[in-house]
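Trainee: pasting the structure only:
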């Protein structure tokens, strides 16, 4: 997933199972003062028994009260078909249920994939090309009508419509190919996908017939767009204003850009739900509250802020010194790794000599950039294209970011000399009005000392990704971030490095088109053993970094934020890199 780092406001993207990196464990402070430990890559796939509700009780939890969620941005979409950024992924858990989902142990932090609406994580046949799901009993919408397999099929059919542009595309692409909209235009013409694509033999069974085998299907079925939509209540693009709830809460009032209030959905049956505890009576969201004010409110905890949290926004870097120095904040702090790897892309269509690209990697001022972004509590120095939170990850340091974090100027100069380019020009793009302004100043100064002729180019933050993702963009170097959608690098390597996907808007920002890489992607995608595939993706990522060097990874992001002392059960969502709303309660 794309990472839109606002920080001044963090928004996703995408969602890998995340826990600690590099060390054997990390602190996962709960609302009870926590300090519990969560093992590295502490995730797995649960059984049918694990998929049975209700969710395990949180120690000391109480029912009732109001939680205030303070968010730094507006909400772009509530329609589950359009959700793909972290604040929306976190909020959607309050009202939207998918076929599968992630069950988080409030004591250990272990995250397992379980059946949510489905009785389990799915049954495969036909060599992994066919997947069958059975719905649980007593599933209802907020108006009391039954949720059926036909509603899930209809929800997926909507994804083919031209207004559904923002959500993940795994299932529809697997069903109908990469040009899935040409195969089917959506349900609004009165046509439905044939049984040969999606079958619903009865009201509780849904069968997916993919064009190829996909061992990752249980994870893809956890994305928020694999969820039910009642045809009678579908208002197309306007559905985002008031989606019909299948979860424990429903929308009470919504003032776009200002506020959103959720109240209990009395037709939600906790016996069907192994994931959500739903302790508070109300969730009240305040939108467009910018940092540093957002973090300062959580620190101060006055009035309703005593029971406030920010589901998606890490602490403002300017407040980190105070937060780390004052021990009173420690018992109400979330400090966890996120699934995102921050990188600078090196445009391979413009910087053609790999030695020049590697000179940038060796010279990069890793520690100085880390410090400017808030220090180690906001992120570790990253030296791999794959997050250490993803299955198969192994630690590497090919350009000395860990061994020599200040940057290896001598090695960089040596490479430029060997390339016959002692003073190459680098057009360094950045989003204006963001923390990347200062970061690129640091990077430019370092690269200039090596011999590069660096020209910084500011881009308006709202159009930044649109412009840097153009094939013929006029930039040599530009930052992006990416996170896996689930703990397999099948959602990291192919999107960013498959040369056959290069086009305007593609996340192959560096324009890598290595025939060997393309061939390996095809081969690994056919591997049905997820453990074996994870190791092969990691090997391929190392090859890309060391042989092609079209990205310079520099930070493995962390989520560090304080919350109100009136809350308990505040745990971390290892999937989305956000606070987990499902265990929160008002003391």
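Mentor: Thanks, I have the structure now. For clarity, every value in this text was computed on a predicted model and none was experimentally measured.
Trainee: Below-threshold pLDDT in the protein: ranges please.
Mentor: 1-40 (pLDDT under 70).
Trainee: biggest strand in it, by residue count?
Mentor: If you go by DSSP state E, the chain has its longest strand at strand 333-346.
Trainee: Please enumerate the helices of the stretch 51-200 of the chain.
Mentor: Along the stretch 51-200 of the chain, the stretches classed as helices by DSSP state H, counting those that start in this stretch are 86-92, 149-158, 170-176, 180-183.
Trainee: what about residue 200, how many neighbours?
Mentor: For residue 200, the neighbour count with other CB atoms under 10 Å is 18. For the C-beta atoms, the positions are set from N, CA and C on the backbone; glycine is no exception.
Trainee: Please state the offset of the next helix or strand after the longest strand of the chain from the chain centre?
Mentor: Using DSSP states H and E, the helix or strand that follows strand 333-346 towards the C-terminus is helix 354-363. Helix 354-363 sits 29 Å away from the centroid of its parent chain (CA atoms, centre = their mean, to the nearest Å).
Trainee: got the angle for helix 354-363 vs strand 333-346?
Mentor: Interaxial angle of helix 354-363 relative to strand 333-346 (axes from the mean of the first three to the mean of the last three CA atoms, to 10 degrees): 150 degrees.
Trainee: what does helix 354-363 contact?
Mentor: Identification of contacts with helix 354-363 by CB atoms under 8 Å, 6 or more residues apart in numbering yields 344, 346, 348, 351, 398-400, 407-409, 411-413, 415-416, 418-419, 421, 424, 426, 446-447, 449-450, 452, 477, 547-550, 552.
Trainee: So which of those residues belong to strands?
Mentor: 344, 346, 426, 477, 552.
Trainee: and of those residues, the nearest to residue 364?
Mentor: Distance to residue 364, by CB to CB, is smallest for residue 552 among these, at 5.4 Å.
Trainee: Show me what that closest one bridges to in the sheet.
Mentor: residue 344 (DSSP bridges).
Trainee: Look up how far residue 419 lies from it.
Mentor: According to CB to CB, to the nearest Å, residue 552 stands 17 Å off from residue 419.
Trainee: Looking at these two, which is more packed in?
Mentor: residue 552 (28 against 16).
Trainee: Hmm, the more buried one is touching residue 344, no?
Mentor: Yes. Counting by CB atoms under 8 Å, residue 552 touches residue 344, with 4.6 Å between them.
Trainee: Tell me the residues that contact both of the two, please.
Mentor: In contact with both residue 552 and residue 344: 360, 364, using CB under 8 Å, 6+ apart.
Trainee: in the stretch 401-550 of the chain, which spans are strands?
Mentor: Taking DSSP state E, counting those that start in this stretch, the strands of the stretch 401-550 of the chain run over residues 425-431, 453-459, 477-483.
Trainee: Determine how far the last one lies from the middle of the whole chain.
Mentor: Going back to what we said before, that points to strand 477-483. The answer for strand 477-483 is 14 Å, by CA atoms, centre = their mean.
Trainee: Can you name every helix or strand that that strand contacts?
Mentor: For strand 477-483, the elements it packs on are strand 333-346, strand 425-431, helix 436-450, helix 464-468, judged by 3 or more CB pairs under 8 Å, 6 or more residues apart in numbering; DSSP states H and E.
Trainee: hmm, try it at 7 Å
Mentor: Other helices and strands packing on strand 477-483, by 3 or more CB pairs under 7 Å, 6 or more residues apart in numbering; DSSP states H and E, are strand 333-346, strand 425-431.
Trainee: Please name the nearest non-neighbouring residue to residue 175.
Mentor: Among residues not flanking residue 175 along the chain, residue 197 sits closest, at 5.2 Å (CB to CB, 6 or more residues apart in numbering).
Trainee: one step back: narrow the contacts of helix 354-363 to those that are buried.
Mentor: When burial is judged by neighbour count using 16 or more other CB atoms under 10 Å, the buried members of the contacts of helix 354-363 are 344, 346, 348, 351, 399-400, 407-409, 411-413, 415-416, 419, 421, 424, 426, 446-447, 450, 452, 477, 548-550, 552.
Trainee: hmm, back to that, okay, the helices of the stretch 51-200 of the chain, which one's buried deepest?
Mentor: helix 86-92 (a mean of 27; mean count of other CB atoms under 10 Å).
Trainee: from the chain's centre, how far out does that helix sit?
Mentor: 10 Å.
Trainee: for stretch 285-295, same thing?
Mentor: The answer for stretch 285-295 is 21 Å, by CA atoms, centre = their mean.
Trainee: which residues in the stretch 101-250 of the chain form strands?
Mentor: 111-115, 123-125, 130-134, 198-202, 205-209, 249-255.
Trainee: Same list (the ones you listed) but as TSV, adding distance to residue 149.
Mentor: Shown next, in TSV, are those (distance: least, CB to CB, whole Å):
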stretch	distance to residue 149
strand 111-115	14
strand 123-125	14
strand 130-134	8
strand 198-202	4
strand 205-209	4
strand 249-255	22
